[in-house]
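>>> Quick one, structure for this:
(one chain, ligands or ions: 1)
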Amino acid sequence: MTSEEGLFVTFEGIDGSGKSTQARLLAEALIAAGHDPLLTREPGGSPGAEEIRRLLVEGPPERWSAETEILLFTAARRDHLEKTIAPALAAGKIVISDRFVDSTRVYQGAVRGALRAMVDELHCRMIGREADITLVIDMQADAALSRGLARRSGEDRFEDFGGAFQQRLRQGFLDLAAEFPARCHVVEGARPVQDVARQVWSILERSA
Ligand code: TMP
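Just a heads-up that it's a prediction; the model follows:
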């Protein structure tokens, strides 16, 4: 399953969709199959990017404008890429990231102001890497939002934008998957966790 360059797999979806659980289950399944995957997340995934994460996910919704968020998420992503993702891919590993640039395209670029062109331009200049395979875990926004808020993680800044915002996000991820059909696969998330995991595994087997 691994090429010389490694394989870059990302999980995307709205808060509470179950994507983090699926990212973990995929890493566990790969380990059981004899691989040595790297499981990481955004915002975060390197010590510097984890510091930026706190600025982004805590505090009131109006703390940052969408423009400032784009800069902070991209700064965090650049550090994550330099320190964590690129070295692992160069070592031939399968890298699984819980969110990557598609989250910025949807949360900041499509939903919080028409800033998609700016997100893409910054990404092209500062990051320059797309995932090889992206699993979009889809779920109805109200169900996902109550699951997300029930966790009371203290990282609810984006959940606090409310239900209508989550609904627009869900549609944003579905539109994005239609825009990049070669790498994006939409997986229905409102099913038993192991059924979702089996589908993720079969998509990986077919695409990798
Ligand atoms: P998480 O809950 O999946 O860890 O992500 C933290 C929050 O950050 C989540 O509500 C989505 C948001 N986010 C963005 O708005 N833009 C981004 O580029 C990323 C990576 C996350």
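>>> OK, contacts around residue 41?
20, 23, 97-99 (Cβ atoms under 8 Å, 6 or more residues apart in numbering). (Each C-beta comes from the backbone N, C-alpha and C, glycine too.)
>>> got the residues of the chain near the ligand?
15, 41-43, 57, 73, 99, 103-104, 107-108, 158 (Cβ under 6 Å from any ligand atom).
>>> Tell me where this protein has strands.
Here the chain has its strands, by DSSP state E, at 7-12, 38-41, 94-98, 133-138, 184-188.
>>> what's the closest non-adjacent residue to residue 112?
Ranked by Cβ to Cβ, 6 or more residues apart in numbering and with sequence neighbours excluded, the top spatial neighbour of residue 112 is residue 66, at 3.9 Å.
>>> wait, isn't that neighbour in contact with residue 113?
Yes: under the criterion of Cβ atoms under 8 Å, residue 66 makes contact with residue 113 at 4.4 Å.
>>> More neighbours: which of these two?
The neighbour comparison of residue 66 against residue 113 (other Cβ atoms under 10 Å) goes to residue 66, with 17 against 14.
>>> quick one on the thing from earlier: which of the residues of the chain next to the ligand lies closest to residue 82?
Distances from residue 82 to those, taken as Cβ to Cβ, are shortest for residue 42 (13.6 Å).
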